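Novice: fold the following, please.
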Amino acid sequence: MNLYIFNQTRRGAVFGVGTYIQELVAALKDRDINVCVVNLISEKPQIQTERIDGVEYWHFPLVISDQRTINDQEQWDLYYLNVVYLLRLHIKDTRNLIFHLNFFESGKLAEELKNAFDCRLVAVSHFFDWGFTIYDNSERLRRILKQKHPDVLEKKLQTMFEVERTYYSKVDHIICMTRYMKDVLCDDYGIDIAKISVIPNGLRDMSDRSIDTISLRKKWNISVEERIILFAGRIDEVKGVVYLIRAFREVLKTNKNCRLIMAGSGNYDKCFQECKDICSKITFTGLLEKQDLHELYQMADIGVVPSLFEPFGYVAVEMMMHGLPVVATATSGLDEVVDETCGFKIPLFVQLDCVEIDILLLAEKILYLLEYPAESNQMGANGRKRFLENYSSEIFYENMLHVYKLLC
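Specialist: Numbering: from 1, shown residues only. Next comes the predicted model:
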């Protein structure tokens, strides 16, 4: 099997999509598969290839502006055309050839690959672009799609929806991380259910149960007595960070011996404005190396994932991997990842044009886990078991290999 996995150097490659590709490559390497990662929009100064741990990596630099073209779309069409031309020159073994795509803007790339090769195209539906604007509000999306006289925002969402729909119609098979994603593709995008597989993302087990958490707390200058509530992810409105800070303020009214750690990069201004009266109890770490983040997981008491839209939820899986009880919103795909045995789920208030979280309920569930350590520990143990049974790297590999083989 010859498998070419397409990546892009941009925000998504740093966060969820990048993690997915790293875990997929790790699961597939050293198997009977020729794996090559094709990095588009690369920041490398020129086209180049390299081999790392038995996996080949190709780098295609950023688009160079050409004033002879009319618009940005023509620039991208030319870029993808040239990438495929170069791939034709360098791909010698075309047996059981699969191109694995990860970005919905790659419709033209899919078209050119089909024209140039006898191949099969697999696309992973990592997210829906409209979810970052209107969050988990599918009814609002449907109203917008029916608008005959849309405003600027509605027109933008209509256009992006059509870009996504066209892209998914061009590939041979689609992988969704959750049933939620599959249902939306079938019901709203009109995709044939026969070409969709649901395969949850998998992660390598990075939990080290032998680590001395007291030593870790000394390293991070956190007292042994202080209870740690951990958020990890982008500091972004879609991640529900403002609601979390408001809920934490309520928690402090009852339990002052706790700290909220928010690990991730993003726009802090709104967070700083929201937490100015309790800022001494909140730690913003910025973007961390994986090792540092896993140390925070090890010494935390509770993990919180208050997203307004989350097609899957890598962070929740990482928290469960480390045996943390989780408080999460019951949104989109995240609702499937976290179940009632390993944490509490907070329903969203979905109104006509907005999605909100009940901060008092969120605070109540956090406080419960702080006040009842026995139940909290049991939920953490259940989460660890759920990770091993559903989201391990080996299970991920077996599921992906099954789909690849069906296509060959």
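Novice: neighbours of residue 337, how many?
Specialist: Residue 337 has 28 neighbours, counted by other C-beta atoms under 10 Å. Using the backbone N, CA and C atoms, a C-beta is placed for each residue, glycine as well.
Novice: what's the answer for residue 267, then?
Specialist: 12.
Novice: what sits against it?
Specialist: 235, 236 (C-beta atoms under 8 Å, 6 or more residues apart in numbering).
Novice: can you tell me how far it sits from residue 130?
Specialist: For residue 267, the distance to residue 130 equals 20 Å [C-beta to C-beta, to the nearest Å].
Novice: same deal with residue 184?
Specialist: Taken as C-beta to C-beta, the span from residue 184 to residue 130 is 10 Å.
Novice: what is the least confident helix or strand in the protein?
Specialist: helix 11-14 (a mean of 49; mean pLDDT, DSSP states H and E).
Novice: now do the helix or strand following that helix: which elements does it pack against?
Specialist: For helix 11-14, the succeeding helix or strand toward the C-terminus, using DSSP states H and E, is helix 16-28. Taking 3 or more C-beta pairs under 8 Å, 6 or more residues apart in numbering; DSSP states H and E as contact, the helices and strands that helix 16-28 lies on are strand 2-8, strand 34-42, helix 393-407.
Novice: between those, which one is nearest to residue 126?
Specialist: strand 2-8 (11.4 Å; C-beta to C-beta).
Novice: in its sheet, what does that closest one sit against?
Specialist: strand 34-42 (parallel), strand 97-101 (parallel) (DSSP bridges).
Novice: quickly, which of these bottoms out on average pLDDT?
Specialist: Least confidently modelled of the strands paired with strand 2-8 is strand 34-42, at a mean of 94 by mean pLDDT.
Novice: list the buried ones in the helix or strand immediately after that one in the chain?
Specialist: Past strand 34-42, further along toward the C-terminus, the next helix or strand under DSSP H and E is strand 48-52. Residues of strand 48-52 classed as buried: none (neighbour count, 16 or more other C-beta atoms under 10 Å).
Novice: now the angle between helix 16-28 and strand 48-52, please.
Specialist: 50 degrees (axes from the mean of the first three to the mean of the last three C-alpha atoms, to 10 degrees).
Novice: so what are the sheet partners of strand 48-52 and their directions?
Specialist: Applying DSSP bridges, one finds strand 48-52 paired with strand 55-61 (antiparallel).
Novice: chain center to the helix or strand that the partner strand is followed by: distance?
Specialist: Helices and strands here follow DSSP H and E; after strand 55-61, the next one along the chain is helix 72-90. Per C-alpha atoms, centre = their mean, to the nearest Å, the displacement of helix 72-90 from the mean C-alpha position of its chain is 27 Å.
Novice: now swap in stretch 232-243 and tell me
Specialist: For stretch 232-243, the distance to the chain centre is 13 Å (C-alpha atoms, centre = their mean).
Novice: name the surrounding residues that touch it.
Specialist: Taking C-beta under 8 Å, 6+ apart as the rule, stretch 232-243 contacts 15, 131-132, 135, 231, 262-268, 270-271, 274, 284, 293, 296-297, 303, 305-309, 315, 318-319, 329, 356-357, 359, 362.
Novice: which ones among the residues you listed lie within helices?
Specialist: Among the contacts of stretch 232-243, the residues falling in helices (DSSP state H) are 131-132, 270-271, 274, 293, 296-297, 315, 318-319, 359, 362.
Novice: and the furthest pair within those residues?
Specialist: Spatial extent of the ones in helices among the contacts of stretch 232-243 (C-beta to C-beta) is set by the pair 131 and 296 at 26.7 Å.
Novice: measure residue 356 to residue 346 for me?
Specialist: 11 Å.
Novice: swap in residue 139?
Specialist: 20 Å.
Novice: the more surrounded of these two?
Specialist: Shown here are residue 139 and residue 346; by other C-beta under 10 Å, residue 346 has more neighbours (24 against 10).
Novice: surely that one touches residue 361?
Specialist: Yes: using C-beta atoms under 8 Å, residue 346 is in contact with residue 361, at 5.6 Å.
Novice: find residues that contact each of those two.
Specialist: By C-beta under 8 Å, 6+ apart, no residue touches both residue 346 and residue 361.
Novice: secondary structure class of residue 185, three-state.
Specialist: helix (DSSP: H, G, I helix; E, B strand; the rest coil).
Novice: residue contacts, the nearest residue to it once chain neighbours are set aside?
Specialist: Closest residue in space to residue 185, ignoring its immediate chain neighbours: residue 191 at 4.4 Å, by C-beta to C-beta, 6 or more residues apart in numbering. Contacts for residue 191 (C-beta under 8 Å, 6+ apart) come out as 168, 169, 174, 185.
Novice: out of these, who's the most crowded?
Specialist: Counting by other C-beta under 10 Å, top hit in the contacts of residue 191: residue 174 with 26 neighbours.
Novice: dead centre of this protein: give me the residue that sits there.
Specialist: Closest residue to the average C-alpha location of the chain: residue 16 at 3.1 Å, with C-alpha atoms, centre = their mean.
Novice: what's the distance between residue 202 and residue 317?
Specialist: Residue 202 is 9 Å from residue 317, by C-beta to C-beta.
Novice: got any residues that touch both of the two?
Specialist: residue 391.
Novice: returning to what we had before: make a ChimeraX selection of the buried ones in the contacts of stretch 232-243.
Specialist: Burial among these is assessed by 16+ other C-beta under 10 Å; the matching ChimeraX selection reads:
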select :15,131,135,231,262,263,264,265,266,271,274,284,293,296,297,303,305,306,307,308,309,315,318,319,329,357,359,362
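Novice: domain parsing for the protein?
Specialist: What automatic domain parsing lists as the domains of the chain is 2-202+393-407, 213-390.
Novice: fine by me, we can end here.
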